[in-house]
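Colleague: Below is the sequence, then the predicted model.
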Amino acid sequence: MNYLAHIYLSGNNNDIKIGNFIGDFVKGRQYEKYSELIQKGILLHRKIDVFTDTHPVVKKSASLLKEGYNRYSGVVVDLFYDHFLAVNWSDYENVSLSEYVSNIHNLLIKNYFRLPGGVKSILPFLIRNRRLENYRYINGIEKSLSIMTRYTGMPPQVDFAIRQLELNYNVFQSDFRIFFDEVRSMVSCELVK
């Protein structure tokens, strides 16, 4: 799961949302320097990642991308699944995606000084480009993949990824729906602990 899904899966608590959003930027035991609920969000992020990375449906989706992405195929699937969450947003949330994303932007701006440095550096671009909202468009996914290619070790196979998404759109969407129901169930159990 990518940013949009991690935030959505956090429930209604803003500190858990912040923690889940920053999870990739907080390594090892660094989470202990945050408040209890942000820690809960960071640890929830890690549980979602493990659940996702080991899930057979996600592995099935990733197999369609192995040729171009090999070990990075799961990362691309995370982004594709955020696309399907955005496209099917009204199936999961009563607030429009645009309003939800604006609320998240406001939350992150208000808590800017609580965010790790890596998040502070990407936040202006994420907000200005409304990246979370633009996941609903294939060209939004394409832009996000291009950015990831420039700043990570991910292979520059954006055209391949988009072609696979378009060719296997219904397969990815079906996989997403099956997986998302299961990850939501897992998270609902975690949030009551």
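Modeller: Yes, it's here.

Colleague: tell me the mean pLDDT over the lengthiest helix in the chain?
Modeller: Identified as the longest helix of the chain according to DSSP state H is helix 169-191. For helix 169-191, mean pLDDT is 96.

Colleague: So which bits of it are buried?
Modeller: Neighbour-count burial for helix 169-191, counted by 16 or more other C-beta atoms under 10 Å, picks out 172-173, 175-176, 179-180, 183, 186-187, 190-191. In short, each C-beta sits where N, CA and C put it, glycine included.

Colleague: Next: stretch 150-166.
Modeller: Buried, per 16+ other C-beta under 10 Å, within stretch 150-166: 154-155, 157-158, 160-161, 164-165.

Colleague: Out of the residues you listed, list just those in helices.
Modeller: 158, 160-161, 164-165.

Colleague: Closest one to residue 86 out of these, please.
Modeller: residue 165 (13.3 Å; C-beta to C-beta).

Colleague: Off-centre distance for the longest helix of the chain?
Modeller: Helix 169-191 has its C-alpha centroid displaced from the chain centroid by 13 Å (C-alpha atoms, centre = their mean, to the nearest Å).

Colleague: And stretch 31-45, by the same measure?
Modeller: With C-alpha atoms, centre = their mean as the basis, stretch 31-45 stands 17 Å off its chain's centre.

Colleague: Please tell me the pLDDT value assigned to the residue of the chain most remote from its centre.
Modeller: Going by C-alpha atoms, centre = their mean, the residue of the chain most distant from its centre is residue 33, 23.4 Å out. Note for residue 33: predicted pLDDT of 96.

Colleague: quick revisit: wait, which of the buried residues of stretch 150-166 is closest to residue 80?
Modeller: For the buried residues of stretch 150-166, the nearest to residue 80 is residue 165 (6.0 Å; C-beta to C-beta).

Colleague: List the contacts of the closest one.
Modeller: By C-beta atoms under 8 Å, 6 or more residues apart in numbering, the contact set of residue 165 is 80, 83, 138, 141, 172.
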